[in-house]
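> Got a predicted model here, sequence first, then my questions.
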Amino acid sequence: TLSYTHRFEPATAAGASPLLLLHGTGGNEHDLIPLGQQLAPGSALLSPRGDVSEHGMPRFFRRFAEGVFDLDDVAKRTHALADFIAAAATQYSFNAAKLTALGYSNGANIAASMFLLRAEALAGAVLLRPMVVLEPAQVPDLTGKRILLLSGRRDPIVPVDHPERLASQFRAAGANITLQWIDTGHQLTEADLAHAARFLQGIR
Ligand code: MLT
């Protein structure tokens, strides 16, 4: 049996890249399914629920306070999620080599951690409101990975320099990065959805 509580929706269009949906703090495996269906019609959807509970709110790794992360736990759960993805790809027969993440907030942060620690797990990603969590000494090879960062200009949770720092980390590793600033805070807007949809159409 697979290690994470999750939902899987099979592809309805041949050749559409599978999507990994990663919710924010307090979300669950159901939250992003409608968004995935809207932004990547026909794609298989794999949607795990974060297995850390913060006062009952699911997340993908532990933190000591807002913005203060338990880095050992981040590494451990990043590997666990990458292992889950590989096992799910075998069980559900989706093309793991084309897996693209769509992650929001804490879900964007674990996706970013996967690029840094388990680069093979993802082909690309839309990271909605990500921040810098890990700064590994060893730079991974992210050649060929396509990553869209969507960041809020007035985000009270993400420190203002983090999106550029994260983009630089990924660029130094050879990834193809677009950082798009949105005129909003931590919450998603129609502009986010439009940018995400265009990006996902481009990698189908
Ligand atoms: C995190 O803990 O990953 C970030 O603070 C985003 C959040 O979940 O609020």
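Good, I have the coordinates.

> wait, does the lengthiest helix in the chain contact the ligand?
Counting by DSSP state H, the longest helix found in the chain is helix 71-92. No - using Cβ under 6 Å from any ligand atom, helix 71-92 never reaches the ligand; the gap is at least 9.1 Å. In short, each C-beta sits where N, CA and C put it, glycine included.

> Which other helices and strands does that helix contact?
Here helix 71-92 touches strand 6-9, strand 45-48, helix 106-117, going by 3 or more Cβ pairs under 8 Å, 6 or more residues apart in numbering; DSSP states H and E.

> burial of the closest residue to residue 87 other than its chain neighbours, as a residue count?
Distances taken as Cβ to Cβ, 6 or more residues apart in numbering place residue 2 nearest to residue 87, at 5.7 Å, with adjacent residues excluded. Using other Cβ atoms under 10 Å, residue 2 has 16 neighbouring residues.

> Doesn't residue 2 lie inside a strand?
No - the assignment for residue 2, made by DSSP: H, G, I helix; E, B strand; the rest coil, is coil rather than a strand.

> ok, it touching residue 86?
No - contact criterion Cβ atoms under 8 Å: residue 2 and residue 86 do not qualify, at 10.4 Å.

> was I right about residue 184 contacting residue 154?
Yes - counting by Cβ under 8 Å, residue 184 does reach residue 154; the two are 6.6 Å apart.

> Of those two, which one has the most company?
residue 184 (18 against 10).
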